[in-house]
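# Pasting the sequence and the predicted coordinates here, then a few questions.
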Amino acid sequence: MSPDTIKDSAKSTGPVIMLLALAAFASSSSFRICDALLSVLATEFEVRTAQASTTVMYFAIAYGVMQFFYGQMGDRFGKFKVLSFATVGCAMGSLLVALSPTLKWIELGRLLSGATAAGIIPLSMAWIGDHVPYEQRQATLAKFMLGSITGLAAGQLMGGFFADTIGWRWAFVCLSIVYLLVGTLLISKRHTVAEHATGGRQKFSLIAPMKQVMSIGWARFVLLTVMLEGALVFGPLAFVPAYLHEHHGIPVSWAGMISGTFALGAATYALRANMLVSRLGERRLALYGGATLGLASALYWLTSSWHWGVLASVLSGFGYYLLHAVLQTNATQMAPAVRGTAVSLFASCLFLGQSLGVIGAAWLVDTFGLWSVFPVSLATLPVLGWWFAWRLRNRQANHQTSSS
């Protein structure tokens, strides 16, 4: 593709990417908002911290399951249109959490929040895949991810701040307002945004597009890798604020802020993505990402001061996006004919992994203590990065052989 064509594409899609980044901000805020609240919810509802982690787990389960529907809805009716209405729907789940009298009602609200938020980031990525050339896609996804990254930080900061000030429920009131404002803006623009939709030309089917994706060996490997990544990264991370609060004796708001510096590391990647991709290439990005995540786990586990937690959180964000950005870019190209379904399956596997990771991490916490989640990620994440880099090298070598 010529440089002029790439520049024209960037100009035409730039404003839409900004809108999608706003939607991703709201979605990611909801995803991480409960991390800093686990200790607070456990105290208020007189349950163990591991039991309170269901507020994270149910969001992730609903998010993952609903991908089976959103991907095909986006392919059929238009990705931007579907994600716009999903964003407005998210306000209802957050408001239900804010008004919940018991932990069970909070779990229901988080389930609804996950079910609606599920349509935002994956369909945004699929829209980018439809409209941005592959040569520019990883850099464009990095710009889009700035919305998601700042949302991760904002969610944790909101949770910790409101818990230590006027009450944790106001964090979800604030989140409802954000969803409503962003969703209204998206809906107002839906008729002016280009779409690749099948409309009524194809019969709606849950199974056929998924079978099409799963028939591709590389797609199956990418999906397995992102599921493992979700479990090994976000299972332990859900307990980082509680660990910092209990192990180092710092306030909940501080613990949430320290954990939220994950976003600083992620933003560092996003802002330097062009340079990193051009200098390192996909294989070394994946390899270094796994190694950096392992180092961050070691810092959480083996250091005696909460100050090291700041560095560990920044490294976690940087290392995660080094690895995840490579997986994400491959996901947008692994089945172009059903891109919405492919990217939604990718997100489903990520959040299925997160759910399993939280369940596993909760068992470790109940059995051995909060510290025990870190040795697992230290031992496994560098291996995961190496494994994906090795398979990617073999795939690229096979492509070069077949094309020569």
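That came through fine. Numbers count the residues shown, from 1 in each chain.
# use CA for all of it now, contacts and neighbours both
OK.
# low-confidence ranges in this protein?
1-13, 134-135, 138, 194-206, 400-404 (pLDDT under 70).
# G159 contacts A255, correct?
No. With contact defined as Cα atoms under 8 Å, G159 does not count as touching A255 (10.4 Å).
# Other residues contacting stretch 323-334?
Outside of stretch 323-334, the residues within contact range by Cα atoms under 8 Å, 6 or more residues apart in numbering are 125-126, 129, 137-138, 141-142, 213, 216, 218-219, 222, 226, 282, 285-290, 339, 342-343, 346, 385.
# OK, contacts around T87?
Contact analysis of T87 by Cα under 8 Å, 6+ apart lists A23, S27, T116, A117, G119, I120, Y179, L180, V182, G183.
# In CSV, list those residues along with distance to E46 and neighbour count.
Shown next, in CSV, are these (distance: Cα to Cα, whole Å; neighbours: other Cα atoms under 10 Å):
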residue, distance to E46, neighbour count
A23, 35, 31
S27, 29, 29
T116, 29, 26
A117, 29, 32
G119, 34, 30
I120, 34, 28
Y179, 30, 27
L180, 32, 18
V182, 35, 20
G183, 36, 24
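# which ones among those are found in helices?
Among those, the members found in helices (DSSP state H) are A23, S27, T116, A117, Y179, L180, V182, G183.
# Tell me the one among the contacts of T87 nearest to F351.
Ranked by distance to F351 (Cα to Cα), the contacts of T87 are led by A117 at 11.8 Å.
# got a list of what L295 touches?
Residues in contact with L295 (Cα under 8 Å, 6+ apart) are A312, L315, L378.
# of these, closest to S297?
Where those are concerned, and distances follow Cα to Cα, S297 has its nearest neighbour in L378, at 5.3 Å.
# Could you report the separation of the closest one from I359?
Taking Cα to Cα, to the nearest Å as the criterion, L378 is separated from I359 by 18 Å.
# The two: which is more packed in?
The residue with the greater number of neighbours, taking L378 and I359 and applying other Cα atoms under 10 Å, is L378; the counts read 23 against 20.
# ok, the residue lying closest to the more buried one once chain neighbours are set aside - contacts?
In space, L378 comes closest to G294 once its chain neighbours are excluded; the distance is 4.3 Å by Cα to Cα, 6 or more residues apart in numbering. The neighbourhood of G294, defined by Cα under 8 Å, 6+ apart, consists of S377, L378, A379, T380, L381, P382.
# Kindly recompute the last result at 7 Å.
Contacts were defined as Cα atoms under 7 Å, 6 or more residues apart in numbering; by that measure G294 touches S377, L378, L381, P382.
# what about it, which helix or strand?
Counting by DSSP states H and E, the element that carries G294 is helix 273-302.
# Name the next helix or strand downstream of that helix, please.
Remark: after helix 273-302, the chain's next helix or strand is helix 307-331, criterion DSSP H and E.
# immediately after that following helix, which helix or strand?
The next secondary structure element downstream of helix 307-331 (using DSSP H and E) turns out to be helix 339-368.
# Next, the angle helix 307-331 makes with that next one.
Using axes from the mean of the first three to the mean of the last three Cα atoms, to 10 degrees, the inter-axis angle of helix 339-368 relative to helix 307-331 is 150 degrees.
# helices and strands around helix 339-368, which ones?
With contacts defined as 3 or more Cα pairs under 7 Å, 6 or more residues apart in numbering; DSSP states H and E, the packing partners of helix 339-368 are helix 49-52, helix 54-77, helix 121-131, helix 207-214, helix 217-237, helix 307-331.
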